[in-house]
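Asker: I need the structure of the sequence given here:
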Amino acid sequence: MSGPRRDVDEELRARLRAAAGEHRPDRARILARVERGMAAGNRGPTRVRLPGWVRVAGATVAVAGVLVAGGYTVASAVRDDAPARRPVAAPPGSRETGSRETGSRESGSRESGPVWSSGAVDPHSNEFWAQSNVTLGTGTPLTSLTVELRVAQTGSVTSTGAWRSLPEDDFTFTLDERDGFLVYRWTLKEGRTVPAGEWMFAGQYNHERGGRDAGGDRYSAAATAASGSLAVRGGFTPDG
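Answerer: Numbers count the residues shown, from 1 in each chain. Predicted coordinates for the structure are as follows:
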């Protein structure tokens, strides 16, 4: 902007700043008028005469609107503040949702009294490595427990570790290879107890490259509770 238009704009800004700086609103007088207007509400609409400074502010807005319509840009009539931020609206219907992992291969769960179980190939398994999960649930404390996981030797199957969600010191762990299976076994130590709840026992292993068929894998669990001896067993659905 340059020339006469710029001079007019700068002069307008100067006058508006001067008018705003000189005005001292009578707050008490304004509040009194508002109260009188509210009290007269039952007698029909009352026209309240606005104080001079309000009319000046209204005129300022009107002039600013004219300048914008005429192609001018009024950054700030009274102060040089940055424009307020506009909230960013999310697209209609969008919202955050929790993700859920899929892809595990799980056998049908089997129950024995207060004990239930299921077997699944962990969804984080890949073309070189896998983890087989045995989930054991009990509605009553167990005073003895032995969990056995048998992973079929489908080619280059070698153990890479094992774990359980119960305390490690409560169990004796053994790993063997016999009859074409890699055998993981967890045995509860004497004097220890498995509390009611849902627990996991997992065996990890490498295998030949590519999808491994878990159809030959098996698991079993034998336990003792106050009600007597309990046993569950199951398998794993084929990989893929």
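Asker: any stretches of this protein with poor pLDDT?
Answerer: 1-9, 16, 18-109, 237-240 (pLDDT under 70).
Asker: ranges for the helices of it?
Answerer: 4-22, 27-39, 52-69 (DSSP state H).
Asker: neighbours around the closest residue to E177 other than its chain neighbours, how many?
Answerer: The shortest distance from E177 to any non-neighbouring residue, by Cβ to Cβ, 6 or more residues apart in numbering, is to V183 (6.9 Å). Where C-beta positions appear, they are placed from N, C-alpha and C, glycine not excepted. By other Cβ atoms under 10 Å, 17 other residues sit near V183.
Asker: also A221?
Answerer: Neighbour tally, A221, other Cβ under 10 Å: 24.
Asker: what's it in contact with, if anything?
Answerer: 115, 117, 134, 136, 145-148, 231-233 (Cβ atoms under 8 Å, 6 or more residues apart in numbering).
Asker: can you rerun that using 10 Å?
Answerer: 110, 112, 115, 117, 134, 136, 138, 142, 145-149, 186, 201, 230-234 (Cβ atoms under 10 Å, 6 or more residues apart in numbering).
Asker: any idea what it is bridged to?
Answerer: Taking DSSP bridges as the rule, A221 bridges to V147, V232.
Asker: thought G119 was touching G215, still the case?
Answerer: No: using Cβ atoms under 10 Å, G215 is not in contact with G119; the gap is 11.4 Å.
Asker: give me the more crowded residue out of the two.
Answerer: G119 (25 against 13).
Asker: quick check: bridge partners of the more buried one?
Answerer: V134.
Asker: I'd say it and R233 touch.
Answerer: Yes: counting by Cβ under 10 Å, G119 does reach R233; the two are 9.2 Å apart.
Asker: overlap in contacts, the two.
Answerer: 110, 218-219.
Asker: hmm, back to that, please indicate which of the contacts of A221 are buried?
Answerer: When the contacts of A221 are checked for burial by 16 or more other Cβ atoms under 10 Å, the buried set is 110, 112, 115, 117, 134, 136, 138, 142, 145-149, 186, 201, 230, 232, 234.
Asker: among those residues, which lie within strands?
Answerer: 110, 112, 115, 117, 134, 136, 138, 145-149, 186, 201, 230, 232, 234 (DSSP state E).
Asker: rewinding a little: now do the same contact list for the residue nearest to E177.
Answerer: Contacts were defined as Cβ under 10 Å, 6+ apart; by that measure V183 touches 148-151, 159, 174-177, 203, 218.
Asker: closest to R13 among these?
Answerer: The closest of the contacts of V183 to R13 turns out to be G203 (Cβ to Cβ; 78.4 Å).
Asker: relative to P141, how far out is that closest one?
Answerer: 25 Å (Cβ to Cβ, to the nearest Å).
Asker: again, but for R209
Answerer: Separation of R209 from P141 (Cβ to Cβ): 44 Å.
Asker: what's the answer for T174, then?
Answerer: Distance, T174 to P141, using Cβ to Cβ: 24 Å.
Asker: report the separation between T172 and G119.
Answerer: Distance from T172 to G119, by Cβ to Cβ: 22 Å.
Asker: pretty sure D213 contacts Q153?
Answerer: No: between D213 and Q153 there is no contact under Cβ under 10 Å: 11.8 Å.
Asker: what do these two both touch?
Answerer: Shared contacts of D213 and Q153, counting by Cβ under 10 Å, 6+ apart, come down to H207.
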